[in-house]
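Trainee: okay, here's the prediction I keep looking at, along with the sequence it came from:
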Amino acid sequence: MDLFEKAALLDRIYKIYDEFSGNLDVACKKHCAHCCTCNVTMTTLEGYKIVEYIMRSEHCDLNNRLNNGLNNRLKQNLSKKRFQPQITTNRLAELFALGMDVPDEDNNFLWGNCPLLTDDECPVYPVRPFGCRCFFSKQDCREQGSADVDPFVITVNNVFLQYIEHIDSHGYSGNLTDILLFLEPKNIRQAYRTNTIKNPDNSLVSNSMIKFLLIPPEDRNRIVPILEKLGSIKV
C-alpha cells in the first residue's frame, strides 16, 4: 500500500469517527486546552501528515513560526518527561487476549503542555492526530480538574486507534515530539514514502496489524454499526 492510499484511508477513518463524535454531548470547545498535554501519541502516518502540512502551509506566518520556533520547542521537550509508549494499541489488545502481562506505563498530565500549543490553540488542527481528535469530556476539565469520558467512547476510541495503526503497520508509534522530530529530515520522509523506514532508536515502537479488538463484552452489540462502517474500508 502506497502513502497516497494510506492517507486516503486515514481520512476515511477520521470521517467515520467525526460522524460518531458529532452526536456526543461534550463540554470541549475552542480555547479549551487543558487536556492538550505533552503526552499525545500518534503513528508515523499521522506525523507525516502533520510535517507535510507544516512544510506546505500556504500561510507564511504559520510556516515560519512552526519551522523555526517549533523545532526548538520540540527539541527542548526532549529533555522533559513525557509519555513514551512501550507497546502499541494492537500489541496491547494481543496481550489482553492471550492473558499476558501488560507493562506498566507512566502518564501524568502535569508533565506539561503539548509543544505545538500556541495561545491555547492548535496550529495544526486540521491534521491533528487521532489521539487529539478522540479526547472528549462531558465536563469542563478546567473547572473539575479532570476529564469525564464515557466508557463506551473509550472503547470506540481504542478500536479506531487499532485501525489507524493497522494501516500504518509498516511504521511506528510514539510520543508526538519523538515522531515529529524523527520525521523532520527529508531523507527519513522519503524512506517512509517508500516503506524503507527504519527505527533509529528505542524512542518509537513498531506498529502491527490487528489480531484482536479491544472490545469489552458489554460493548460488543453497541459497537457493531461502527465496526460495519470500518469494515467497509478495504485495507
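Mentor: Happy to help now that I have it. Numbering: from 1, shown residues only.

Trainee: ok, Met55 - how many residues close by?
Mentor: Residues lying near Met55 (other Cβ atoms under 10 Å) number 13. Glycine gets a C-beta too; all of them are placed from N, C-alpha and C.

Trainee: please apply the same query to Val205.
Mentor: Val205: 17 neighbours (other Cβ under 10 Å).

Trainee: and what of Thr118?
Mentor: Thr118: 17 surrounding residues under other Cβ under 10 Å.

Trainee: got the phi/psi numbers for it?
Mentor: Main-chain torsions, Thr118, degrees, to the nearest 10: phi -130, psi 110.

Trainee: who does it bridge with?
Mentor: Counting by DSSP bridges, Thr118 is bridged to Glu121.

Trainee: list the contacts for Leu78?
Mentor: Residues near Leu78 by Cβ atoms under 8 Å, 6 or more residues apart in numbering: Thr177, Leu181.

Trainee: which other residues reach the longest helix along the chain?
Mentor: Longest helix of the chain, by residue count under DSSP state H: helix 3-21. Helix 3-21 has contacts (Cβ under 8 Å, 6+ apart) with 45-46, 48-49, 130, 133-134, 136, 156, 160, 163-164, 167-168, 192-193, 226, 229-230, 233, 235.

Trainee: quick one: contacts for Arg193?
Mentor: Arg193 sits next to Asp2, Leu3 when contact means Cβ under 8 Å, 6+ apart.

Trainee: now do the same for it: its pLDDT.
Mentor: Arg193 is assigned 92 on the pLDDT scale.

Trainee: over to Asn23?
Mentor: Note on Asn23: pLDDT of 81.

Trainee: which parts of the longest helix of the chain are buried?
Mentor: Leu3, Lys6, Ala7, Leu9, Leu10, Arg12, Ile13, Tyr14, Ile16, Tyr17, Phe20, Ser21 (16 or more other Cβ atoms under 10 Å).
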